[in-house]
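[1] Following is a predicted model, sequence given first.
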Amino acid sequence: MNRNLLIAALIVVLAGGGYWYYSTAQKAAEEAAMAQKAADDAAAAAKQAEEDAAAKAAEEAAAAATAAEEAAAKAAEDAAAAVTTATETATEAVADIFDPANYDADAVNAAIDGSSLDDATKTTLKSEVDAAKDSPELLKAALDRVKAALGL
């Protein structure tokens, strides 16, 4: 009977160990499933946060682009106004240079030298203006020819 008792005790111990092992494995599987669900929920929340952040960044970028476009349009308007003012000022200055009453030989020669005319034409125009400097009628005609040659 001793031997039978030992075999029975061994069977009880093995059955208890098996029960403990399988119940622990079941508990671990349940915990793993809960951990997986929590990880899935966290991933979904992170993805939603990423999409929200991307949408917000897109909205901010669109607003910044609109502001930049408006600033560029304003800068273009300001530049156009400045060009118009500069053109008017330059036209007035050129008109003063070629006015016989305000004749300045150095300014007229500088305007001729600064032009894109060929050297022979520049020399001819400077000689003509220099020869006409003592006669207001001839000077006016010479200055008109210089303006025409310069395209003014």
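    Structure received. Numbers count the residues shown, from 1 in each chain.

[2] On the pLDDT front, check the most centrally placed residue in the chain for me.
    Central residue of the chain (CA atoms, centre = their mean): residue 68, 8.1 Å from the mean position. Predicted confidence (pLDDT) for residue 68: 87.

[3] ditto for residue 36
    pLDDT, residue 36: 89.

[4] give the contact list for it.
    The contact partners of residue 36, taken as CB atoms under 8 Å, 6 or more residues apart in numbering, number zero. C-beta here means a position set from N, CA and C on the backbone, and glycine is covered the same way.

[5] Distance check, it against residue 27.
    Distance, residue 36 to residue 27, by CB to CB, to the nearest Å: 15 Å.

[6] Under the pLDDT cut-off, which ranges of this protein? List them.
    Along the chain, the parts satisfying pLDDT under 70 run over 1, 87, 89-96, 98, 103, 152.

[7] State which helix of it is the longest.
    Looking across the chain with DSSP state H, the single longest helix is helix 2-97.

[8] tell me the angle the next helix or strand after that helix makes with helix 2-97.
    Downstream of helix 2-97, the next assigned helix or strand under DSSP states H and E is helix 105-113. Counting by axes from the mean of the first three to the mean of the last three CA atoms, to 10 degrees, helix 105-113 lies at 130 degrees to helix 2-97.

[9] For helix 105-113, enumerate the helices and strands it packs against.
    helix 2-97, helix 119-131, helix 136-150 (3 or more CB pairs under 8 Å, 6 or more residues apart in numbering; DSSP states H and E).

[10] Switch those over to CSV; also include distance to residue 107.
    As requested, these are exported to CSV (distance: least, CB to CB, whole Å):
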stretch, distance to residue 107
helix 2-97, 5
helix 119-131, 11
helix 136-150, 11
